[in-house]
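S.K.: Okay, sequence plus prediction incoming.
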Amino acid sequence: MTLRLPQPSPFRTLTRAQWKRRRAETPLTLIDEDLDRLRGVNEPISLREVTDIYLPLSRLLSFHVRAVQELHDSTGGFLNNKAPKVPFILGIAGSVAVGKSTTARVLQALLARWPGHPRVDLVTTDGFLYSNRVLKRRGLMVCVGTASGTIPPFDPQLLAMKGSLFLTRPALGDYIADPAEKAELAAEIFGHVAAGRIKIEINQRYELGDAIAAHRDLESRKTTGTSIFVI
């Protein structure tokens, strides 16, 4: 008889109901006005979601932070060396426009209210400032979308210091407001597609009758790239 032991894994599978019970007695310290300030553009989030998902997560993270702090203190006592504390760093990764910025801001607000967390800061990517460095003199920077977060306030003098740079943040509506201009731009785009200069890869094709399955695949992030309905 062969005894097969389960493979060890750091992962656990819980239902939403099981997970939200891990909140225990953690108080909800946010109100609707706080969420209005914390949520990103087109990133809906409710107090119920904060209660069911984010509060248990903040409790678990708080346990980790406390354990690291206690280990640091114990190690310092063992070595008779009180070294300065190092930050506890959390990284949030994900695809484009999935709510990473909102998640970060909500967790920051919740974790900052836990005892023993005197300071919780957000450290965003330095994409905007780094892009400035690689532009040529009198170069043009075009900012489209906010997938990496909104651009923080900056001194316009920075553009002059980096080489008299130009910065623009276009919106599609201003380029297609005129029907004639819209038709001209559309013809130019489809002309490039027809000539093979722009290649459109279609990763998923669905029959129109499979619309429900298509929406489920999209919501569960099973799709990649472009999806179309075949009519």
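M.R.: Right, received. Where do you want to start?

S.K.: Can you name the residues that contact the residue nearest to the spatial centre of the chain?
M.R.: In the chain, the centroid-proximal residue (Cα atoms, centre = their mean) is Lys100; its distance is 1.8 Å. When contacts are counted by Cβ atoms under 8 Å, 6 or more residues apart in numbering, Lys100 touches Ile92, Ala93, Gly94. For the C-beta atoms, the positions are set from N, CA and C on the backbone; glycine is no exception.

S.K.: ranking those residues by neighbours, who comes first?
M.R.: Ile92 (12 neighbours; other Cβ atoms under 10 Å).

S.K.: dump the residue contacts of that residue.
M.R.: Lys100, Thr103, Ala104.

S.K.: tell me the SS of Gln204?
M.R.: strand (DSSP: H, G, I helix; E, B strand; the rest coil).

S.K.: Touching, it and Thr223? I think so.
M.R.: Yes: counting by Cβ atoms under 8 Å, Gln204 does reach Thr223; the two are 5.3 Å apart.

S.K.: Identify the contacts common to those two.
M.R.: Counting by Cβ under 8 Å, 6+ apart, the residues touching both Gln204 and Thr223 are Asp217.

S.K.: related to what we said a few turns ago, now tabulate the contacts of Lys100 in TSV and tack on distance to Ile200.
M.R.: As requested, the contacts of Lys100 are arranged in TSV below (distance: Cβ to Cβ, whole Å):
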residue	distance to Ile200
Ile92	31
Ala93	27
Gly94	25
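
S.K.: Just give me the closest of the residues you listed to Leu110.
M.R.: Nearest to Leu110 among those, counting by Cβ to Cβ, is Ile92 at 13.8 Å.

S.K.: Just the mean pLDDT for the strand or helix carrying Leu61, thanks.
M.R.: For Leu61, the host element (DSSP states H and E) is helix 55-79. Averaging pLDDT along helix 55-79 gives 90.

S.K.: Packing partners of it?
M.R.: Contacts defined by 3 or more Cβ pairs under 8 Å, 6 or more residues apart in numbering; DSSP states H and E place helix 55-79 against helix 16-21, helix 100-111.

S.K.: I'd like the ones you listed written out as CSV, with mean pLDDT and distance to Arg4 added.
M.R.: Shown next, in CSV, are the helices and strands packed on helix 55-79 (pLDDT from 0 to 100; distance: least, Cβ to Cβ, whole Å):
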stretch, mean pLDDT, distance to Arg4
helix 16-21, 92, 26
helix 100-111, 87, 38
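
S.K.: which stretch among those helices comes nearest Pro87?
M.R.: helix 100-111 (12.4 Å).

S.K.: before we move on, the earlier item: what would the contacts of Lys100 look like in CSV with distance to Ala195 and pLDDT?
M.R.: Below are the contacts of Lys100 laid out as CSV (distance: Cβ to Cβ, whole Å; pLDDT from 0 to 100):
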residue, distance to Ala195, pLDDT
Ile92, 41, 83
Ala93, 37, 78
Gly94, 35, 73
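
S.K.: Look at the closest residue to Trp114 other than its chain neighbours and say how many residues are nearby.
M.R.: Nearest residue to Trp114, sequence neighbours excluded (Cβ to Cβ, 6 or more residues apart in numbering): Ser62, at 4.7 Å. Number of residues near Ser62 (other Cβ under 10 Å) recorded here: 18.

S.K.: wait, Ser62 sits on Arg113?
M.R.: No: Ser62 is beyond contact range of Arg113, at 9.9 Å (criterion: Cβ under 8 Å).

S.K.: Buried deepest among the helices and strands packed on helix 55-79, which one?
M.R.: A comparison of the helices and strands packed on helix 55-79 by mean neighbour count, using mean count of other Cβ atoms under 10 Å, puts helix 100-111 on top with a mean of 20.
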